[in-house]
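Enquirer: sequence? don't have it. structure:
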């Protein structure tokens, strides 16, 4: 665990993007990268204490059980690595249909590779 990371790595209400206008702002004004099973949209949050996450999983990925599992995998990947980000961000993860059936290790690897390629990790 990093020295500046708090003991509890939660993902509470303040860490989630819920409003449609926030998703749209990231889509139009933010940067975007596609890698593996993910599309990542982000926008820096200067002066913010912590990053926020939004997750989008369409019906093309699968049924409700599959979509819920994919959301859990994406949120957990962010939760574990949120303190490794170089700066506070608003981050939206969009699942591609190829994510269905992948293990947590595969999803986490794609997540970290995308952030590393974008230069968003410390």
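Expert: It's in. Quantities reported herein were computed from a predicted structural model and do not represent experimental measurements. Numbers count the residues shown, from 1 in each chain.
Enquirer: only C-alpha atoms for contact and neighbour calcs from this point on.
Expert: Noted.
Enquirer: What helices and strands are in contact with the helix or strand harbouring residue 25?
Expert: Here residue 25, judged by DSSP states H and E, is contained in helix 20-29. Applying 3 or more CA pairs under 8 Å, 6 or more residues apart in numbering; DSSP states H and E, we find helix 20-29 packed against strand 38-44, strand 89-95.
Enquirer: and if we set it to 10 Å?
Expert: Contacts defined by 3 or more CA pairs under 10 Å, 6 or more residues apart in numbering; DSSP states H and E place helix 20-29 against strand 38-44, strand 52-56, strand 89-95.
Enquirer: so who does the residue nearest to the spatial centre of the chain touch?
Expert: In the chain, the residue lying closest to the centroid (CA atoms, centre = their mean) is residue 93, at 4.4 Å. Contact analysis of residue 93 by CA atoms under 10 Å, 6 or more residues apart in numbering lists 32, 38-42, 53-57, 71, 74-75, 78, 111.
Enquirer: Repeat that for residue 92.
Expert: Counting by CA under 10 Å, 6+ apart, residue 92 touches 16-17, 22-23, 26-27, 30, 32, 39-43, 52-56.
Enquirer: Also residue 103?
Expert: Applying CA under 10 Å, 6+ apart, the residues near residue 103 are 70, 73, 109.
Enquirer: same deal with residue 87?
Expert: 44, 45, 46, 47, 48, 49, 50, 51, 120, 121, 122.
Enquirer: Does residue 33 lie in a helix or a strand, and which?
Expert: strand 31-35.
Enquirer: and residue 71, helix, strand or coil?
Expert: Look at residue 71: counting by DSSP: H, G, I helix; E, B strand; the rest coil, its state is helix.
Enquirer: can you tell me how far the closest residue to residue 56 other than its chain neighbours sits from residue 112?
Expert: Leaving aside its chain neighbours, residue 56 sits nearest to residue 94 (4.7 Å; criterion: CA to CA, 6 or more residues apart in numbering). Computed as CA to CA, to the nearest Å, the residue 94 to residue 112 distance reads 14 Å.
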